[in-house]
Every structure is written in structure tokens, then in C-alpha cells.
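Chemist: kindly generate the corresponding structure for this input.
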Amino acid sequence: MGTEFNTYKVTTPVPPLPEVDGESVLNLFDQNNPDINLFNIVDDELIRLSGSQMYYYKFFRGPQDYDEVYGEQTTKAITADPILVHGHYEPRVLEENLTEFGIELMNEQLFVFNKSYIEQILARIPIPGDVLLPKFQNQKYEIYQVQEDSFEAYGVYHMVCSAKLLRDNDAVQDTPLVDDNPDIGVYSG
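Modeler: Got it, this is the predicted structure:
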């Protein structure tokens, strides 16, 4: 069989797209529709009803020691008083994987929040380094990735936070942030 590419060649050029000024006639969703806020309120209520309560410890970035090997800061300043928030997650069993370094406890979780709700409660969006403690589970999780899961046609936004199991040690401390100590940095928010 011969390889002839000319048999499937398009002979008519594609017509140019029409120039549209302002509103498009092809726009299916009205962004100024008041129902968009209704969908957002319903989404927030669904997360509160089907989700659970958790304690949220805010992380304060500062000029702390950065560990190049682990790719994280060794001394982390988090708030002493947590904020009670509502979110959705599916609890998973701890995995005990045997690696070349011994048995490692692994447990990664996805936490889902309504974006407008969590921004209102925290006065900012979640950031990597924040710590979560589910109210019905005695395990702390450190957020390492934050993504926006958006349904832009309806205006409903989710914040999806990927978190890993946090091992309690002296590196995660409730450090008071004052101007007198230059070692830990000051939160100016």
C-alpha cells in the first residue's frame, strides 16, 4: 500500500470567526445573573451539612530557617488558637509502607472548602503550611498544595487543599510573634 496523504486533504478554507464587540451572542451563561450567588450559598450549605468541623491553624511566613534537603522550613510559626471551620474530607486509614528506610506512616487527605466561606473566615485564602486538625480525628495535617476547583459558568468555587500527615515535634510550635525577637519574623497582616 502506498502512503498518499493527498487523499484526505481539505480543499476549502475554514471561514474566519466573526468579530464580536461586547456581549457575545454565543454566550450561554449570564455572569450578572443573581442566581450565581444562590448556587454559591447552596454549595456552602451542602459542604456544611455533608462535611465536618475541623480546627484550622494559620501559618505565618517569615524569615525562618529553610531546610534545602526536605524543601521546607524547619521552624514554623502557627497560631496558638485555631479557627473552627467547616469542610469536606474522606477519612482514610493510616498506611504503613515498608521502605528502604523502615516503616513510614503515610496518610494524605484532600480537604474541600467553599472558597467564599473559607476566605471570609480566614480573611485570606488557604496557603501551604497551614495545619488542619479534624474535630473527630486526632491527627494533624499540613497543607502542601492548594488548588481552585471552579465551576465558572455557575460561579461556585471550591478550594481543594492537599495535605499530608503532620508529625508532632518541636519544629511545629506555637511561637508568639513579637517585634523583639528577630529570629522568627513578624506577621504584619
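Chemist: residue 82 is in contact with residue 121, isn't it?
Modeler: No: contact criterion Cβ atoms under 8 Å: residue 82 and residue 121 do not qualify, at 11.4 Å. (Glycine included, C-beta is placed from N, CA and C.)
Chemist: quick check: mean pLDDT of the longest helix seen in the chain?
Modeler: Secondary structure of the chain per DSSP state H: the longest helix is helix 35-50. The average pLDDT for helix 35-50 rounds to 83.
Chemist: for it, list the C-alpha coordinates in CSV.
Modeler: Output of helix 35-50 as CSV, limited to C-alpha atoms (Å, rounded to 0.1, in the frame of the first residue of the first chain):
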residue,chain,number,x,y,z
ASP,A,35,-28.8,33.0,40.7
ILE,A,36,-25.0,32.6,40.7
ASN,A,37,-24.9,33.8,44.3
LEU,A,38,-27.7,31.4,45.1
PHE,A,39,-25.7,28.5,43.8
ASN,A,40,-22.7,29.6,45.9
ILE,A,41,-24.9,29.7,49.0
VAL,A,42,-26.3,26.3,48.3
ASP,A,43,-22.8,24.9,47.7
ASP,A,44,-21.6,26.3,51.1
GLU,A,45,-24.6,24.8,52.9
LEU,A,46,-24.0,21.4,51.2
ILE,A,47,-20.4,21.4,52.4
ARG,A,48,-21.5,22.3,55.9
LEU,A,49,-24.2,19.6,56.0
SER,A,50,-22.2,16.8,54.4
